[in-house]
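Q: fold the following, please.
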Amino acid sequence: MHGNKVTPASFEKSGNLQSPNQFLAGTVDIKTSLAHAFLPEASGPTALFPPITLDALMLTLKQKLGQFPPHHCSLIPDITMKYLPGRFLLLTSFLASAMMVALAFLSSLGALLLQRPLTGATGCWRDTVCTGPTSAAFPGSWDKYIYSPASRWSSPVSILSANGDASSAIPAQIELKRNGSQAVLDFGKEVAGIVTVTYSAQGTSALRLAFTEAKKWTREWSDSSNGSFNPDGALYANVTTTSKANYTMPDAKLRGGFRYLRLFSETSVSNFSISIEEVVVEIAYQPAWSNLQAYQGYFFCSDDLLNRIWYAGAYTLQTNAVPASTGRAFPILDSGWLNNETLDLGTSDPTIYVDGSKRDRTVWAGDLAIAVPSILVSTGDMDGVRNTLQVLYNGQVSLANLGAFAFHCSKN
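A: Predicted coordinates:
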C-alpha cells in the first residue's frame with residue numbers, strides 16, 4: 001500500500017510492535033556480536049552460544065525478517081535535512097534512514113530472496129562468475145532513485161571550473177599544456193574501481209591522478225584511505241609523445257570510493273601537451289552481479305527526499321560489497337594506499353561486505369549487525385551476506401583464545 005502516511009505514533013499503536021525502537025532492538029543489537037543480536041536467547045554479552053551452523057543462523061535471519069510489518073511509506077514530520085551529494089551523505093543519511101528501514105519492509109522478503117534469477121553472462125568484475133540477479137524483483141517508477149550505474153563502466157559527467165565552484169559538460173578533449181596544468185572531473189556520484197585514461201601527447205611529462213569524495217578537498221593529493229589519516233598522495237604515470245595510449249592504474253591501487261578525479265601534469269619541457277580523450281572507471285563493487293541495478297527489494301513513497309535517502313543508504317551498502325582480494329593493506333601504511341589484501345579466509349564466494357568502501361575495507365561484526373538486515377531488504381544479496389558471515393566464523397578459530405567472538409559454531 002504505497003503512499004500511506006504512517007506516523008511514528010500510529011505505528012506504535014499498530015499492534016505489530018510496541019515502538020520503532022523495539023522493532024530495531026528485536027532485530028539487531030549493535031552492542032553485541034551479530035549472532036548475539038539474532039539469537040537473543042543467549043544470557044549476557046559474553047555468554048558462549050551452543051554450537052550452531054551457518055545455515056541455522058541464516059534461517060534465523062529469514063525468520064526475523066519475515067516478522068516485519070507490511071511495506072508502507074512513513075513520513076516522519078519535521079525532517080529538514082538538505083540533500084547533498086557525496087559519500088558523507090550516503091553514510092550519514094543511511095543512519096537517518098534506519099527508521100525508514102524499521103517502518104517499511106516487504107512482508108514477502110523470504111520468497112523474494114529465494115526466487116532471484118541467476119546468470120552466467122558477462123558484465124561482472126574481471127573474471128568473476130556472474131551469480132547475481134539479472135533484473136529487479138519489483139521494477140517500477142522507484143527505479144529512477146537507484147544510484148548504481150547501469151553499466152560496470154562509468155565516465156565523468158562534468159568538469160569543474162578553475163576555481164572549483166562551477167561545472168560544465170566535458171569537452172571532446174581536455175588539454176594539459178604546461179607544468180601544473182590541471183582538470184577536475186566529476187563523476188556525478190560516488191564510484192569505486194580502476195580508472196583508465198586514454199590520451200595523446202607531445203613531449204615528455206608525468207600525468208598524475210588524485211582522488212577525493214568531496215569537492216572541497218580536490219587537491220594534488222588523494223584524501224586519506226589507508227588508516228594513517230595522512231593524505232594518500234597521487235598516482236604517477238610517465239607520458240611520452242604518442243598519437244594514442246592508455247594509462248590504467250595498478251589493480252593494487254584500486255580506489256574504494258571517490259567522486260572527483262584531479263588530473264594534472266608535471267614537466268620541465270616547455271612545449272609539452274597532453275590531450276585527455278577519455279576517462280572511465282571500471283566499477284569493482286558487487287563483483288558477481290552483471291546488472292548493478294537489479295535490486296531485490298525497494299522503497300517508494302510520496303516524499304522525494306525520503307526516497308533518495310533510502311536509496312542512498314542502499315547504494316552505500318552496495319559499494320561495501322567488494323571483491324574478496326581487494327581489502328585494505330595491513331599493517332597500516334604511512335603513505336600511499338594499497339587495496340590488495342585477501343579477505344576470504346578460505347571462503348569461495350567472490351563478494352565480501354566490509355565496513356566502508358574507501359576505508360577500512362575490512363570485515364567488522366559490529367557493522368554487520370546493522371548492515372545485514374538492510375542489505376537483505378534492499379539489494380537482497382543473500383550470497384554475499386552468507387559468505388561474509390562465513391569469513392567471521394573461519395576467523396574465530398584462530399582468535400578464540402583472545403575472546404574476539406562471543407560465540408562458536410560448527411561448520412557442518
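Q: only C-alpha atoms from now on, for both contacts and neighbour counts.
A: OK.
Q: which stretches of the stretch 301-412 of the chain form strands?
A: Under the criterion DSSP state E, counting those that start in this stretch, the stretch 301-412 of the chain contains strands at 321-323, 351-353.
Q: so what strands line up beside the last one?
A: Put plainly, it is strand 351-353. Taking DSSP bridges as the criterion, strand 351-353 forms sheet pairs with strand 321-323 (antiparallel).
Q: out of the strands of the stretch 301-412 of the chain, deepest packed?
A: Among the strands of the stretch 301-412 of the chain, strand 351-353 has the highest mean neighbour count (mean count of other Cα atoms under 10 Å), at a mean of 31.
Q: what does that one rub up against?
A: 286-288, 320-324, 343-344, 363, 383-385, 387-388 (Cα atoms under 8 Å, 6 or more residues apart in numbering).
Q: widest-spaced pair of these?
A: Spatially, the most separated pair among the contacts of strand 351-353 is Ala288 and Val363, at 18.4 Å (Cα to Cα).
Q: so if I had to pick from these two, which one is more boxed in?
A: Under the neighbour definition other Cα atoms under 10 Å, Ala288 and Val363 were set side by side, and Ala288 has more, 30 against 20.
Q: need phi/psi at the more buried one.
A: Main-chain torsions, Ala288, degrees, to the nearest 10: phi -100, psi 10.
Q: check the secondary structure at the closest residue to it other than its chain neighbours for me.
A: Using Cα to Cα, 6 or more residues apart in numbering and skipping the chain neighbours, the partner closest in space to Ala288 is Cys130 (4.6 Å). Secondary structure, DSSP: H, G, I helix; E, B strand; the rest coil: Cys130 is coil.
Q: surely Cys130 and Asn291 touch.
A: No. Taking Cα atoms under 8 Å as the definition, Cys130 is not a contact partner of Asn291, at 9.5 Å.
Q: what sits in contact with each of these two?
A: Common neighbours of Cys130 and Asn291 (Cα under 8 Å, 6+ apart) are Gly123.
Q: who has more neighbours, the two?
A: Each of Cys130 and Asn291 has its neighbours counted (other Cα under 10 Å); Asn291 has more, 24 against 21.
Q: the residue lying closest to that one once chain neighbours are set aside and Tyr295: what is the separation?
A: Using Cα to Cα, 6+ apart and skipping the chain neighbours, the partner closest in space to Asn291 is Thr134 (5.5 Å). Using Cα to Cα, to the nearest Å, Thr134 is found at 9 Å from Tyr295.
Q: how does this structure divide into domains?
A: According to automatic domain parsing, the chain comprises the domains 8-148+286-320+355-402, 153-283.
Q: and these, which one averages the lowest pLDDT?
A: Mean pLDDT is lowest for domain 8-148+286-320+355-402 among those, at a mean of 66.
Q: elements contacting the top strand by length along the chain?
A: Determined from DSSP state E, the single longest strand within the chain is strand 182-202. The contact analysis (3 or more Cα pairs under 8 Å, 6 or more residues apart in numbering; DSSP states H and E) places strand 182-202 against strand 158-160, strand 174-176, strand 242-248, strand 255-266, strand 273-283.
Q: make it 6 Å
A: strand 158-160, strand 242-248, strand 255-266, strand 273-283 (3 or more Cα pairs under 6 Å, 6 or more residues apart in numbering; DSSP states H and E).
Q: and Pro373, which of the ones you listed is closest to it?
A: Ranking those by proximity to Pro373 (Cα to Cα) places strand 255-266 first, at 22.9 Å.
Q: CA-only coordinates of the closest one in PDB, if you can.
A: Taking Å, rounded to 0.1, in the frame of the first residue of the first chain, the C-alpha atoms of strand 255-266 are listed here in PDB:
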ATOM      1  CA  ARG A 255      40.200   3.300  -5.300                       C
ATOM      2  CA  GLY A 256      37.400   2.200  -3.000                       C
ATOM      3  CA  GLY A 257      35.400   5.400  -3.100                       C
ATOM      4  CA  PHE A 258      35.600   8.700  -4.900                       C
ATOM      5  CA  ARG A 259      33.500  11.200  -6.900                       C
ATOM      6  CA  TYR A 260      36.200  13.700  -8.100                       C
ATOM      7  CA  LEU A 261      39.300  12.900 -10.000                       C
ATOM      8  CA  ARG A 262      42.000  15.600 -10.500                       C
ATOM      9  CA  LEU A 263      44.300  15.100 -13.500                       C
ATOM     10  CA  PHE A 264      47.500  17.300 -13.500                       C
ATOM     11  CA  SER A 265      50.800  17.400 -15.300                       C
ATOM     12  CA  GLU A 266      54.400  17.600 -14.100                       C
END
